[in-house]
Structures are given as C-alpha cells and as structure tokens.
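> need a 3D model of the following:
(chains A, B, C and D)
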Number of protein chains: 2
Amino acid sequence: MTDLSNDIFRTINSVRNGTSSEEVSSQLREMIHRGELRPGDRLPPERDLAKLLGVSRPTLRAAIRSLAAVGVLQSRQGAGTFVVKTEGSPSLDSSPLRLMASLHGFTSGEMFEARRSLEMAIAGLAAERATSDHLASLSEEIAGMYASLDDPEQFLVHDMRFHQAVAAASGNRILTSLMNMVAAILFDVRRKTVNRAKDLKESAEMHRHVYRAIRDRNSEAARNAMRDHLVLAQKAQESEEPNGGDNGNGDGQSWRT
Amino acid sequence: MTDLSNDIFRTINSVRNGTSSEEVSSQLREMIHRGELRPGDRLPPERDLAKLLGVSRPTLRAAIRSLAAVGVLQSRQGAGTFVVKTEGSPSLDSSPLRLMASLHGFTSGEMFEARRSLEMAIAGLAAERATSDHLASLSEEIAGMYASLDDPEQFLVHDMRFHQAVAAASGNRILTSLMNMVAAILFDVRRKTVNRAKDLKESAEMHRHVYRAIRDRNSEAARNAMRDHLVLAQKAQESEEPNGGDNGNGDGQSWRT
DNA sequence: CAGGCGAAATGGTGTGACCTTTATGCGAAC
DNA sequence: GTTCGCATAAAGGTCACACCATTTCGCCTG
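I've put the predicted structure just below:
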C-alpha cells in the first residue's frame, strides 16, 4: 500500500483540480459505477474508511455528505452509512428541481406542462408494452378509486399508485424517475386541496379512459387520455389554490440588509 | 407491504426533526425559496454565517456542502460561497441520474428512449410556440451544420446548439433541464465517436426536417422528425460503440470485510 | 427461555488551529 | 500618471481531538 507517499501522489492528482473531498467523492462514485458498492451495502465506519482513503474524517464526511445530498448514500446515526436501496421504482431527489424553480421563478404552469409531457410519453409507452400483470395493477387501482369516492385521502393514494403503475408498465425507469421528480413538487400543493366528490368521480372516469387505451394497445389514445386527465387535474387544482402556497415562517432570520 | 408509493413523495422538511445540519440546510433553502438569496449572491463568510445561524462551522459547512452537491451553491476557496448563477438555460446536475443508472443497471436503450421522449415533447411544444427569433437561431445552427460537414467536432457543436435552441423555443425550462440532464450522460459517449461524413450529411438533413416542421407550426410532424432523427442517431452511436450499459459487477471486494 | 439493560459501535457536533487560494490595496518602477 | 508586483488580509479547505446522541447487540437477570 502506498500510504506514506501521499505527498507525491497528491501533487500528481492535483492536476485534476479536485479538492481532497471532491477526490474522495469521485472515488466513491467510481466504486458505485464499477459495481463495488451496491444498493443496500454498508460502508465501513467513517473512522476506518477515512484511514483507508488517506484523508481525515471531516474530509470523508464532506464527500459522504455530497453523495447523501443527491440521494445515493444515507447515513443513520448509530447504524452506519448505506448505499440507498430503493424498493420499487428508483426516484431522484426533487429538491434540486424545487430549488431551481425557486431561483428562476418557474411557474406552476410550466411544472404542470412538464408533468403532462412526461406522463403522456409514459402512457404511450405503457400502451405498447403493458403486460397482463401491469393491466391487473392498473385495474385494481381504478377499482380502488371508485371504492373511495367519499374518501379523498384514500382516493389520492389510489391515484398516485395508478400513475406509478402506468410508469412501471412503460418499462422506462428513467422517465419514471423524472416523472416522480416533477410530481413530487406538485404533490405538495395537491395534498392540501380537498377534492369534491364530483371531481373525484370525473377523475376516476378519466383514469379509466387511460386504462382502457393502454389495455387496447392504443398508444395515441393513451396519450390523449392522459393529457385530458392532467389538463383537468391542473384546472381543478389551480381553481382551488389560486395562490402560490408559501408557508409563513416569519422568523426573519435574514442576514441580508 | 405495497404502500411504498408513499415513500416516493416524502419531503425532507417534513416533521422529521432534522439534525442540525439538515435544519440549517432547510433554512438556506427557505431563504432561496423566499427570494432572500438570489442567483449570483455571495453568502457571508462561513465563520460569520455560522454564528448568525447559531451553529458551528462544520455544521454549516455540511449544510453548504449538501446544497453545493445539488448545484445550488458553489464555493471558491479564497473568494466565498455563491448562489449559482446560470447563464443560459438552467441545468440540473446529471450525476444523480448517472449514479442511479450505475446502481440499477439502466440500459443505454432506456436512456436513449428517455431522451427521445423528452425531445419529442419539446419539439412538439416548440412547433406551437417558436418565435421568429427562435426560428432564426434554429436556421443558423442548421447552416452551421452544413458548413462543417467535414469537421465532426464543429458539427457536434452546432448539433447541440440546435437542440438547445429547440428547447428554448419550447418555452418550458423544466423539460429543458431534464433533457440536458439525460443528454449530458449520453454525450460522454458520443463525443468519442467519430462520425463519418455521410452520417453528418444525413444528420443535417434530419435536423432540417425538424426545423421545417417547427417553422410550419406542425407539432406532430416536429415530433416525428425529432423521433426519426434520434432513432437514427441512436443506431449510429450503438453501431460504433457496441458495448452496452451492463455493469460487469466483477465482485470487487476491495475494502469490504 | 425471555426480556431488559448496558456497553460498544457509529454517525453528529463542537472547538480550535493551520494551510491554500483568492482578492485587494499600497508602493515602487517605468 | 500608469502599471506591475508583492505584501497582507479574507475566505474556504483540511486536520486533529474531544465529546454527544443514537443504534445495535450481547450479556445478564428473572
């Protein structure tokens, strides 16, 4: 092991401009990329890993923090640091998109449109590829919606699961991840809205149209049905919540003058 | 058991009694959300800001590191920490998607399909909304492509700029960001391929078809032209680089015990 | 054999110091 | 008067060490 000649290697590696923590972060990324770190794996204790990588614990922690921020690692005090294991469809953290929306003033209209575009594409693919198992899942959620027309919260659960099922049927996990990313942001607003029974009935109908189009292997119809559904959902949401939704912290911790 | 669809939509800043650094991170996010921190702004020195927020410097650094990892903040030694200012279209960091691809073995086919879906949607929107300025930009890049049929590297520049211009014409910055995110990953491979002159000519033709469809306000034609273009581009790239996205795993028990 | 308790493991935070890089301003040289 | 260059300050990067908080798991007690 070359652990005492770090001084020389540091100089050589400095061509990569990488600060130490970035260098460590890259090393961990490489381990993941090469498959040496797999979902569910536990990393060695920070104190040990820091020694193995030849850096101090704070530096290693900075690297871990970077990867944790993008949802790849997860640290649990007392337990250890783990490579995130996603059951079901993997999901990208939506906070970067959320922050970018704040920074650049993205309108909710853009957000809805992005979701609509993604879900239309996904519905189209689902119509081409859905297996009987997928269709069964879709049908089940539709039934769940009709069964909970008087329970908006429960209805919403089936609603989300339906869209998840469509995404699963599309067979494209990347589009699914992107959809979830956008949907998560819109969801924060939606969970606060109380849908009327009439809206729920109509929503269930439109979901059923999507399902039937997918079942009939009609890609174009699936896209259109999904578009109609989301356009209506957008209108319903915008009519109920005309304001932007801002939690008044009121702390005034501002350090700006 | 199957209620994991809820986990996907969890938000960090829930009742989750965040650790100190998460708390600080949330505070900074709130500042951005409320517009107290704007692109280009410089944060106070870490030592001062730590005192203002009532935490130690390492804790504050952890929070800053988290936000830097998602591309919201950027620290420059000796200068300070700044809110990232994006010239041109804002872009999300692609490393999370890249890592997720490694972790879950996403195939390059899925990646291509995701890009295709996004760009088709974008092209469709562009056909509905492109202004004359947008059309001028598109036309200019097409001309650039034809002018550099014998210079693959230069051709690639115009190629990318064309797709950027289409995205700009779509008017949806979120879809644009997502497209860039996916395209950045595919680009790493593409920059290594050496396109033959015949391919470039054909590619330029297909770009022109996209342009004409957008100019003619024909959304469906724009989508189809973009699809045809990307399908061909995928075939060309895959034929030159036959290795897929399958990570070989290869055991690699480096530091595990 | 079961359950609780406590020690060890492990990540989280704080303090202080020093290094490296960048920015800035002052003075000297042209 | 302008410009170049160096000294100094500012600010992030790294490190060592100590201690706290939480989780885990084995041992001990009932």
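> how near is A:Gly80 to chain B?
Distance of A:Gly80 to chain B, computed by Cβ to the nearest Cβ, to the nearest Å: 13 Å. Every residue, glycine included, has its C-beta placed from N, CA and C.
> hey, what's that residue bridged with?
Beta-bridge pairing for A:Gly80 (DSSP bridges): A:Arg76.
> that one contacts A:Leu43, doesn't it?
Yes - using Cβ atoms under 8 Å, A:Gly80 is in contact with A:Leu43, at 6.8 Å.
> between the two, who's got more neighbours?
Per other Cβ atoms under 10 Å in any protein chain shown, whichever of A:Gly80 and A:Leu43 has more neighbours is A:Leu43, with 21 against 13.
> which residues sit in contact with that one?
A:37, A:49, A:64, A:73, A:80-83 (Cβ atoms under 8 Å, 6 or more residues apart in numbering or on different chains).
> likewise for A:Met100?
Here A:Met100 is in contact with A:106, B:72, B:90, B:92, B:177 (Cβ under 8 Å, 6+ apart).
> widest-spaced pair of those?
A:Phe106 and B:Val72 (14.2 Å; Cβ to Cβ).
> out of the two, which sits in the more crowded spot?
B:Val72 (25 against 20).
> how close does that one get to DNA strand D?
Using Cβ to the nearest atom of the strand, to the nearest Å, we find B:Val72 at a distance of 14 Å from DNA strand D.
> where in chain A is pLDDT low?
A:1-18, A:189, A:191-195, A:197, A:240-257 (pLDDT under 70).
> looking at it, what residue ends up closest to DNA strand D?
A:Gly78 (2.3 Å; Cβ to the nearest atom of the strand).
> going along the chain, name the helices of chain A.
Taking DSSP state H, the helices of chain A run over residues A:6-13, A:20-33, A:46-53, A:57-69, A:95-104, A:108-129, A:132-147, A:152-170, A:173-190, A:197-215, A:219-240.
> turn the ones you listed into a markdown table, including distance to B:Arg116.
Listed next are the helices of chain A as a markdown table, based on distance: least, Cβ to Cβ, whole Å:
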| stretch | distance to B:Arg116 |
| --- | --- |
| helix A:6-13 | 38 |
| helix A:20-33 | 24 |
| helix A:46-53 | 40 |
| helix A:57-69 | 29 |
| helix A:95-104 | 21 |
| helix A:108-129 | 9 |
| helix A:132-147 | 21 |
| helix A:152-170 | 13 |
| helix A:173-190 | 10 |
| helix A:197-215 | 20 |
| helix A:219-240 | 14 |
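> what would those helices look like in JSON lines with distance to DNA strand C?
Conversion of the helices of chain A to JSON lines gives the following (distance: least, Cβ to the nearest atom of the strand, whole Å):
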{"stretch": "helix A:6-13", "distance to DNA strand C": "10"}
{"stretch": "helix A:20-33", "distance to DNA strand C": "10"}
{"stretch": "helix A:46-53", "distance to DNA strand C": "4"}
{"stretch": "helix A:57-69", "distance to DNA strand C": "6"}
{"stretch": "helix A:95-104", "distance to DNA strand C": "17"}
{"stretch": "helix A:108-129", "distance to DNA strand C": "31"}
{"stretch": "helix A:132-147", "distance to DNA strand C": "36"}
{"stretch": "helix A:152-170", "distance to DNA strand C": "29"}
{"stretch": "helix A:173-190", "distance to DNA strand C": "23"}
{"stretch": "helix A:197-215", "distance to DNA strand C": "40"}
{"stretch": "helix A:219-240", "distance to DNA strand C": "36"}
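> can you tell me which residues in the stretch 51-200 of chain A are near DNA strand D?
A:55-59, A:62, A:76-79 (Cβ under 7 Å from any atom of the strand).
> repeat that for 6 Å
Proximity of the stretch 51-200 of chain A to DNA strand D is confined to A:55-56, A:58-59, A:62, A:76-79 under the rule Cβ under 6 Å from any atom of the strand.
> quick one: which of the residues you listed has the most company?
That'd be A:Ala62 among those, by other Cβ under 10 Å, with 25 neighbours.
> show me what contacts that one?
So A:Ala62 contacts A:21, A:24-25, B:61-62, B:65 (Cβ under 8 Å, 6+ apart).
> what's the answer for A:Arg190, then?
A:156, A:237.
> A:Ser75: neighbouring residues, count only.
A:Ser75, neighbours per other Cβ under 10 Å, totals 16.
> nope, A:Ala147 is what I was after
Other residues close to A:Ala147 by other Cβ under 10 Å number 13.
> ok, back up a step: closest to A:Asp216 among the contacts of A:Ala62?
Nearest member of these to A:Asp216, counting by Cβ to Cβ, is A:Ser25, at 48.5 Å.
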